[in-house]
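In: pasting the sequence and the predicted coordinates here, then a few questions.
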Amino acid sequence: MSAYILILDDDADVATAAQLLLRRRYGQVATLCDPAGLPALLARGVPDVVLLDLNFTPGRINGAEGLALLDVLRAQARPPAVIAMTAYADVPLAVEALKRGAGDFITKPWDNARLIAAVDQALARREAVRGGAAGSPELMGESRAMRELKALIASVAPTEANVMVLGENGVGKELVARAIHAASRRAAGTLLAVDMGALPESTFESELFGHRKGSFTDAKADRAGRFQAARGGSLFLDEIGNMPLAAQAKLLTALERREVTPIGADKPESIDVRIISATNLEEARLFDPLVFRADLLFRLNTIVIRVPPLRERREDVPLLLQHYLRMYETQYERPARNVSAAAWDALLRHDWPGNVRALRHACERAAILGQGVEYAISDFGLVTANAALLAAASAGATGAAAHGAAGMPAPGP
């Protein structure tokens, strides 16, 4: 995976340890121990993700230095995704960092799998914002299906009802969740996204409910869970359908009691979050008791929002194509081009199995590779239905010819 990661930490040993871990997975991983060097580094290029320590001066634990740096990072024209890091599991400080733009937080010492997952999720969120909402934070489209979707969001958002968002990969389920949060009474709080499918079952409770120092071998400090960190805001539980049944039972208990007990704690803590969940599972599978608990489903799906696939709102394709082509032409400093008539026809008839995400990637490819006066369908890298049929027909004809030639008797003398 190609990405530029910056580790900003005053402890050179900590920064190097993170660098060695992440360098195996990402393209470029830099470290910076002195915050004074940040402006010069940003002038050379803004990272995709920054792991930001919140305290730099020995003895300081209030996080003020890190929060000031967070403001600098968020002020960039294309700000990086920021993961706050601290050796002190201070819940108010973590919440403040999230409110000021950090996408996640990690306590030191970290679990390697958890750190990698956090960086992966940060990159995914940044890509979603860059592609799905750059220059237009709203869900794009004026089709009847999209107008109905936006109207439903406007009706649901001001309530405290839990919402389940259903839809195929790439339709924009997280954008729907962010739109609900932004229009809710909790908009001033944080929206914290958690990829439930990526959480190892062994660390599920620690990640969501937190833990106390010494509660297990690697628990070297108290750690706030996601429910505590999102207090006063919304918790977006993505890929909820991929949770094991045992983990579903633990989540159900937390939602029923409106409280969680950190691992190693003597008493529970109340929670104050709105739950927005999402899954790409077919709706019928959620009613299969071998896949999903019915009692948890009824806790989560007070309101169900179904995001339509792009093939069901083809009238939005021209708007989306124009938006993303112009965006990537500007980003890569490429000349503006029109789409040829043949390409338009093919693009409008394409089923877009990857939905808006696939369309966005196709536009990025075309902006980078297109060389003609107009964009041709080949610039978008799509295997259209017609192309697939022609390829199959060609292969069949070739095979038949070869078979016929093989079965022909040898010519006589």
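Out: That came in fine, so what should we check first?
In: what sits against the nearest residue to Ala219 once chain neighbours are set aside?
Out: In space, and not counting its chain neighbours, Ala219 is closest to His211: 5.1 Å by CB to CB, 6 or more residues apart in numbering. Heads up, the C-betas are built off the backbone N, CA and C, glycines and all. Applying CB atoms under 8 Å, 6 or more residues apart in numbering to His211 gives the contacts 205, 219, 222-223, 225, 262-265.
In: widest-spaced pair of these?
Out: Pairwise distances across the contacts of His211 (CB to CB) peak at 14.4 Å, for the pair Glu205 and Asp222.
In: right, and Leu70 touches Val82 too?
Out: Yes. Here Leu70 reaches Val82: they are 5.9 Å apart, a contact under CB atoms under 8 Å.
In: please say which of these two ends up with more neighbours.
Out: Under the criterion of other CB atoms under 10 Å, the comparison of Leu70 against Val82 puts Val82 first, with 28 against 22.
In: tell me the mean pLDDT over the helix or strand containing the more buried one?
Out: Following DSSP states H and E, one finds Val82 within strand 81-86. Average pLDDT, strand 81-86: 87.
In: likewise stretch 245-257?
Out: Rounded mean pLDDT across stretch 245-257 is 94.
In: how far does it sit from the chain's center?
Out: 24 Å (CA atoms, centre = their mean, to the nearest Å).
In: what does it contact?
Out: Contacts of stretch 245-257 (CB under 8 Å, 6+ apart): 196, 199, 201, 204-205, 208-209, 227, 237, 243, 260, 268, 271, 275, 292-293, 295-296, 299-300.
In: try it again with 6 Å
Out: 201, 204, 260, 293, 295-296, 299 (CB atoms under 6 Å, 6 or more residues apart in numbering).
In: gap between the residue nearest to Ala219 and Val72?
Out: 32 Å (CB to CB, to the nearest Å).
In: ok so, going back, just the buried members of the contacts of His211?
Out: 205, 219, 222-223, 225, 262-263 (16 or more other CB atoms under 10 Å).
In: circling back: pick out the lowest-pLDDT one from the contacts of stretch 245-257.
Out: Minimum pLDDT across those falls on Glu201, with 82.
In: test my guess that that one contacts Pro244.
Out: Yes. With contact defined as CB atoms under 6 Å, Glu201 counts as touching Pro244 (5.4 Å).
In: ok, back up a step: what about the contacts of His211, which are in helices?
Out: Within these, residues falling in helices by DSSP state H are Glu205.
In: quick one: low-confidence parts of the stretch 1-150 of the chain?
Out: Where the stretch 1-150 of the chain drops to pLDDT under 70, the residues are 1-2, 87-91, 126-138.
In: which parts of it are strands?
Out: 4-8, 28-32, 49-53, 81-86, 104-107 (DSSP state E, counting those that start in this stretch).
In: would you mind giving those as a markdown table with distance to Ala124 added?
Out: Formatted as a markdown table, the strands of the stretch 1-150 of the chain follow (distance: least, CB to CB, whole Å):
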| stretch | distance to Ala124 |
| --- | --- |
| strand 4-8 | 14 |
| strand 28-32 | 18 |
| strand 49-53 | 11 |
| strand 81-86 | 9 |
| strand 104-107 | 11 |
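In: can you tell which of the ones you listed is closest to Arg114?
Out: Using CB to CB, those put strand 104-107 closest to Arg114, at 7.1 Å.
In: show me what the closest one is packed against.
Out: strand 81-86 (3 or more CB pairs under 6 Å, 6 or more residues apart in numbering; DSSP states H and E).
In: pull the residues that contact the strand it packs on.
Out: Contacts for strand 81-86 (CB under 6 Å, 6+ apart): 49-54, 70, 73, 97, 102-106, 108, 118, 122, 126.
In: what angle do it and strand 49-53 make?
Out: Orientation check (axes from the mean of the first three to the mean of the last three CA atoms, to 10 degrees): strand 81-86 against strand 49-53 gives 20 degrees.
In: strand partners of strand 81-86, parallel vs antiparallel please.
Out: Counting by DSSP bridges, the strands paired with strand 81-86 are strand 49-53 (parallel), strand 104-107 (parallel).
In: just name the most buried of those strands.
Out: Most buried of the strands paired with strand 81-86, by mean neighbour count (mean count of other CB atoms under 10 Å): strand 49-53, with a mean of 26.
In: helices of the stretch 201-350 of the chain, start to end?
Out: Taking DSSP state H, counting those that start in this stretch, the helices of the stretch 201-350 of the chain run over residues 204-209, 226-229, 245-257, 294-300, 317-331, 341-349.
In: by contact count, what packs against the second one?
Out: Right, the one you point to is helix 226-229. helix 91-99, strand 191-195.
In: what does the fifth one give?
Out: If contacts are counted by 3+ CB pairs under 6 Å, 6+ apart, helix 317-331 sits against helix 355-369.
In: from Glu207, how far out is Leu321?
Out: Leu321 is 39 Å from Glu207, by CB to CB.
In: quick one: the strand holding Val82 to strand 4-8, angle?
Out: Going by the same axes, to 10 degrees, strand 81-86 makes 30 degrees with strand 4-8.
In: domains of the chain?
Out: Domains of the chain are assigned by automatic domain parsing as 1-115, 138-308, 312-385.
In: and stretch 208-227, how far apart are its ends?
Out: Using CA to CA, to the nearest Å, one end of stretch 208-227 lies 6 Å from the other.
In: go through that stretch and flag the buried ones.
Out: Applying 16+ other CB under 10 Å to stretch 208-227 flags 208-212, 215, 219, 222-227 as buried.
In: of those residues, the lowest pLDDT goes to which?
Out: Ala219 (74).
In: give me phi/psi at that residue?
Out: phi -80, psi 80 (degrees, to the nearest 10).
In: from Gly264, how far off is it?
Out: Applying CB to CB, the value for Ala219 to Gly264 is 7 Å.
In: try Arg223
Out: Taking CB to CB, one finds Arg223 at 10 Å from Gly264.
In: what do you get for Glu329?
Out: In terms of CB to CB, Glu329 sits 54 Å off from Gly264.
In: nearest to Asp11, out of the strands paired with strand 81-86?
Out: Asp11 sits nearest to strand 49-53 of all the strands paired with strand 81-86, at 7.6 Å, using CB to CB.
In: so how far is the closest one off the chain centroid?
Out: 17 Å.
In: what's the angle between that strand and strand 28-32?
Out: 30 degrees.
In: tell me the phi and psi of Ala265?
Out: Dihedral angles (degrees, to the nearest 10) for Ala265: phi -90, psi 160.
In: distance check, the residue lying closest to it once chain neighbours are set aside against Ala219.
Out: Leaving aside its chain neighbours, Ala265 sits nearest to Arg212 (5.3 Å; criterion: CB to CB, 6+ apart). As judged by CB to CB, Arg212 and Ala219 stand 7 Å apart.
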